[in-house]
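**Q** Here you go, sequence then predicted model.
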Amino acid sequence: EEQLQEFHQAFKHFDKDGSGKLDHLEFKSCLRSLGYDLPVVEEGEADPEFEAILMQVDPNRDGCVSRQEYMAFMISRETENVESKEEIVQAFRALTSEDKPYVTEGELYQALPGEQVEYLTQRMPPYVDGTGKRVPGSYDYVAFTKSMFAN
């Protein structure tokens with residue numbers, strides 16, 4: 001959760017016009033502020049490392065990185081090296097608004113790209129509360145995470 005807050009604050013700082021988007025130079029500066037070691041290149045000079053990042057975060061090459069694209073990229077980078085079930089549960093918990101044992105589709109869409117949300121909602125079981133009632137529009141991230149680590 002602390003990490004998500006840091007990502008959000010960095011984005012907000014570099015989004016000078018408040019548009020909810022960063023141009024590629026602002027995005028590069030934002031990454032550097034978060035500790036990414038990106039080379040300084042002359043204008044017009046190739047920057048393959050940054051180009052590879054842009055292919056992931058701005059595949060449509062519209063020249064901007066939206067807040068959603070940025071957060072999805074940062075979350076995916078931070079979860080690449082996830083070691084435990086608890087780390088994944090904590091990541092999902094950070095997406096919920098009230099530290100709930102479930103996540104809603106809306107909360108997923110706020111933090112992840114559409115294709116990742118579709119993947120999750122197709123595989124994540126619906127959340128059922130302690131009385132056996134399904135909570136409408138909710139998904140059980142704890143059960144989903146346990147199933148991922150079952151093998």
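**A** All right, it came through fine. Numbering: from 1, shown residues only.
**Q** So which residue is dead centre in the chain?
**A** Centroid check for the chain by CA atoms, centre = their mean gives Ala72 as the closest residue, at 2.7 Å.
**Q** and it, what helix or strand is that in?
**A** Secondary structure from DSSP states H and E places Ala72 in helix 67-79.
**Q** roughly how far is that helix from the heart of the chain?
**A** 3 Å (CA atoms, centre = their mean, to the nearest Å).
**Q** Give the next helix or strand downstream of the longest strand seen in the chain.
**A** With secondary structure taken from DSSP state E, the chain has its longest strand at strand 134-139. Note on strand 134-139: by DSSP H and E, the next helix or strand toward the C-terminus is helix 141-148.
**Q** Arg93 is in contact with Asp99, correct?
**A** Yes - using CB atoms under 8 Å, Asp99 and Arg93 qualify as a contacting pair, with a distance of 6.2 Å. Backbone N, C-alpha and C define where each C-beta goes, glycine included.
**Q** Compare these two and say which is more crowded by neighbours.
**A** Arg93 (15 against 8; other CB atoms under 10 Å).
**Q** so what pLDDT did that one get?
**A** On the pLDDT scale, Arg93 is placed at 83.
**Q** which is the next helix or strand following the helix or strand harbouring it?
**A** Assessed by DSSP H and E, Arg93 sits inside helix 85-95. Toward the C-terminal end, the helix or strand that comes next after helix 85-95 (DSSP H and E) is strand 103-104.
**Q** from the chain's centre, how far out does that next one sit?
**A** 15 Å.
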